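I would like to see how this sequence folds:
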Amino acid sequence: MEDLVLTGTPNQEYSVSFSSDGIKADLPANKELLLSTNLTNIEIDIELGLRGCQVGEYFTTGGKCLPCEGIGFTLAAQEEPGQCEPCPEEYAKCYHGVYVGPK
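Now for the predicted structure:
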C-alpha cells in the first residue's frame, strides 16, 4: 500500500479497518492464526484519535489546524472553524501565532 492518506476532522475519533484477499488463508501459519483468533479473514482494526487545534493554530473550514504564524494569533484553542486574530501591529508584536507582546 503506497501513498495512503487519511484525513479527518480535528478532535474526532475514527475507526479504520484494513483487510486483504492477498493473504493466503490456506498457509499453515495463517490457518493457525485464523483458528486461534476465531477470525474468518485476516483484518487489522485501528482506532484513531485526532488532536484538536492548539493555541496558536486556527481551525480551517476545510477541517485542518494550521499555524497563525505571520497572519495573526490565537490565545485559545479553536473547536470549530475560525480565524486568527489580526496582530495589532501599531501596539504589539506577534510571534509564532501564540505570543503577543508590546512593541
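
hey, where'd the helices end up in the chain?
Listed in chain order, the helices of the chain (DSSP state H) span residues 28-37.

could you chop it up by domain?
13-49, 53-103 (automatic domain parsing).

nearest to residue 7, out of these?
domain 53-103 (7.5 Å; C-beta to C-beta). Backbone N, C-alpha and C define where each C-beta goes, glycine included.

how near is residue 102 to residue 93?
Relative to residue 93, residue 102 is positioned 8 Å away (C-beta to C-beta, to the nearest Å).

same thing with residue 78?
Distance from residue 78 to residue 93, by C-beta to C-beta: 22 Å.

coming back round to it: quickly compare the domains of the chain and say which is most buried.
Among the domains of the chain, the stretch with the highest mean neighbour count (mean count of other C-beta atoms under 10 Å) is domain 53-103, at a mean of 15.

follow-up on the earlier one: rank the domains of the chain by mean pLDDT and give me the bottom one.
Among the domains of the chain, domain 13-49 has the lowest mean pLDDT, at a mean of 82.

give me the distance between the two termini of that one.
Terminal residues of domain 13-49 are spaced 4 Å apart (C-alpha to C-alpha, to the nearest Å).

quickly note the distance from the residue in the chain sticking out farthest from the centre to residue 17.
In the chain, counting by C-alpha atoms, centre = their mean, residue 28 sits farthest out from the average C-alpha position, at 38.2 Å. Between residue 28 and residue 17 the computed distance is 25 Å (C-beta to C-beta).
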